[in-house]
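Trainee: the sequence isn't on hand, but the structure is:
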């Protein structure tokens, strides 16, 4: 069991991926900044999909950066923070190109 969170573009191509073990509390961070706690099944995602606008993805990325500004390391010392930031950046880039991005919480 674990949290597999995917971002997809309009063509259905995977553009972002984040993976957390079932006991990794950092999965909660991604659910929280995406305002998607209802898709967190505890040990994994619930299999739900949500569509996010550019504005929602901008907000999620800024919320993550703001709440982790003293913890985030560009050197990659905290791999979960790097993974979350890259996931949000990739989803934001797709949303900016296509108007929205779809995220699946498995």
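Mentor: Cool, the structure landed. From a predicted model like this one, the values you see are computed outputs, not experimental measurements.

Trainee: need the longest helix for the protein.
Mentor: Criterion DSSP state H: the longest helix present in the chain is helix 79-98.

Trainee: so what's residue 41 scoring on pLDDT?
Mentor: Per-residue pLDDT puts residue 41 at 96.

Trainee: the very next helix or strand once past the longest helix of the chain pairs with which strands?
Mentor: Downstream of helix 79-98, the next assigned helix or strand under DSSP states H and E is strand 100-105. Strand pairing for strand 100-105, using DSSP bridges, gives strand 2-8 (antiparallel), strand 48-53 (antiparallel).

Trainee: any chance of those strands in TSV with mean pLDDT as columns?
Mentor: Converted to TSV, those look like this (pLDDT from 0 to 100):
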stretch	mean pLDDT
strand 2-8	98
strand 48-53	98
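
Trainee: quick check: residue 34 vs residue 15, distance?
Mentor: Residue 34 sits 15 Å away from residue 15, going by Cβ to Cβ, to the nearest Å. The way it works is simple: take the backbone N, C-alpha and C, and place the C-beta from them, glycine included.

Trainee: point out where this protein drops to low pLDDT.
Mentor: By pLDDT under 70, the low-scoring segments of the chain are 69-77.

Trainee: now do the host helix or strand of residue 15: distance to the chain's middle.
Mentor: Per DSSP H and E, residue 15 falls inside strand 14-21. On the basis of Cα atoms, centre = their mean, to the nearest Å, strand 14-21 is displaced by 8 Å from the centre of the chain it belongs to.

Trainee: quick one: it to helix 79-98, angle?
Mentor: Angle of strand 14-21 versus helix 79-98, following axes from the mean of the first three to the mean of the last three Cα atoms, to 10 degrees, is 160 degrees.

Trainee: mind listing residues that contact strand 14-21?
Mentor: Contacts to strand 14-21, defined as Cβ atoms under 8 Å, 6 or more residues apart in numbering, come from residues 2-9, 26-27, 30, 80, 83-84, 86-87, 90-91, 93-94, 101, 103.
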